[in-house]
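> Starting from these lines, generate the structure:
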Amino acid sequence: MELINFRLSGRFAHFLRAEASASALSYPVPPRTVIQGILGAILGLSKDEPQVALEPAYIAISGKLPKTHWHRAKLRKKPPASLSYNIKQTQKSDKPTKPEQATLILQEWLFEPSYTLWVSIPQPYNADLKTRLREKKWHFNPSLGLSEMMADIEYLNSNKCKKLPKGIYDINSMFQRKEGDIDMNLVFERGLAIHLLQMPRTVTPDRIFSHCKYVTERDTKPIPVKTDQAYKVDNKVIMFL
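This next block holds a predicted model:
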């Protein structure tokens with residue numbers, strides 16, 4: 001299986017947590033469903049098409065957890081009253097207008113996020129994706145959660161991956177918690193900062209999400225894991241989301 005390797009980065013990002021309510025919390029990394037949406041934007045697929053057309057999608061991601069900042073954003077419930085096309089000579093400039101009915105919410109923004117991805121999707125999309133990444137040509141502008149947060153995408157390379165037999169490996173990517181046993185003795189010995197996350201993995205056309213528990217390391221240090229789901233590519237050992 002050929003994996004397309006590219007870097008996804010930007011100035012800001014916001015990946016809304018499924019359980020967020022008044023305060024808009026963000027996942028520290030883009031969930032698998034968000035990555036499929038970004039691939040769909042590059043390929044020109046409609047909003048809810050990538051999560052169906054791009055399955056089965058093999059996606060691995062690695063990246064240092066970015067710093068965050070709480071930003072106060074204006075959420076409009078109703079748009080403000082439109083301006084009149086006709087202006088009377090006797091019209092007063094201080095005439096009161098209809099309020100825009102907006103509310104302020106807090107959003108958790110990620111600062112300078114940067115992730116390395118390995119991706120393989122069904123043909124003919126995989127070949128098209130490889131060409132578009134190399135030539136920096138996309139149908140729709142890819143974003144990092146919000147349309148205002150434009151993504152910078154850099155093609156790195158493409159290489160075959162090899163599945164490894166069951167054993168203990170230093171995993172260089174985020175992985176599903178259920179697919180491996182972490183060697184905690186080595187984790188404490190190396191002083192690793194392990195983060196457990198629950199994020200969306202798949203979504204149906206009716207917007208019904210399934211979630212999965214993931215493991216990652218704060219500073220992208222490799223995690224020792226006993227697993228039969230490890231793959232070797234570019235001298236790195238990865239696992240798929």
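> could you measure residue 130 against residue 221, distance?
Counting by C-beta to C-beta, to the nearest Å, the gap from residue 130 to residue 221 is 29 Å. (C-beta placed from N, C-alpha, C; glycine too.)
> ok, now residue 109?
25 Å.
> Which of those two has more residues huddled nearby?
Using other C-beta atoms under 10 Å as the criterion, residue 109 and residue 221 rank with residue 109 on top: 23 against 15.
> And the contacts of whichever strand or helix holds that one?
Using DSSP states H and E, residue 109 sits within strand 102-111. For strand 102-111, contacts defined as C-beta atoms under 8 Å, 6 or more residues apart in numbering pick out 11-15, 22-26, 28, 66-77, 144.
> now the helix or strand hosting residue 153: how far from the chain's centre is it?
Residue 153 belongs to strand 152-160 when assigned by DSSP H and E. Taking C-alpha atoms, centre = their mean, to the nearest Å, one finds the center of strand 152-160 at 16 Å from the center of the full chain.
> mean confidence for the next helix or strand after that strand?
Next helix or strand after strand 152-160 toward the C-terminus (DSSP H and E): strand 162-163. The average of the pLDDT scores along strand 162-163 is 96.
> Show me the beta-bridge partners of residue 160.
For residue 160, the beta-bridge partners under DSSP bridges are residue 2.
> In contact with it, which residues?
1-3, 233.
> Pull out the buried members of the contacts of strand 102-111.
12-15, 24-26, 28, 66, 68, 144 (16 or more other C-beta atoms under 10 Å).
> who's in contact with the helix or strand containing residue 6?
Assessed by DSSP H and E, residue 6 sits inside strand 2-9. Here strand 2-9 makes contact (C-beta under 8 Å, 6+ apart) with 30, 38, 58, 60, 112-120, 126, 129-130, 133, 144, 151-161, 233-234.
> In terms of secondary structure, what does the helix or strand bottoming out on mean pLDDT in the chain contact?
In the chain, no helix or strand scores lower on mean pLDDT, DSSP states H and E than strand 67-76, which sits at a mean of 80. If you count contacts as 3 or more C-beta pairs under 8 Å, 6 or more residues apart in numbering; DSSP states H and E, strand 67-76 packs onto strand 102-111.
> residues of the strand it packs on that come out buried?
Buried, per 16+ other C-beta under 10 Å, within strand 102-111: 107-110.
> Over to stretch 185-192?
For stretch 185-192, using 16+ other C-beta under 10 Å, the buried residues are 187, 192.
> Dump it to CSV, keeping only the CA atoms.
Written as CSV, here are the backbone C-alpha positions of stretch 185-192 (Å, rounded to 0.1, in the frame of the first residue of the first chain):
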residue,chain,number,x,y,z
ASN,A,185,7.8,0.9,32.4
LEU,A,186,9.4,2.4,29.4
VAL,A,187,7.0,5.4,29.4
PHE,A,188,8.1,6.3,32.9
GLU,A,189,11.7,5.6,32.2
ARG,A,190,11.7,7.9,29.2
GLY,A,191,9.5,10.6,30.9
LEU,A,192,6.9,10.6,28.2
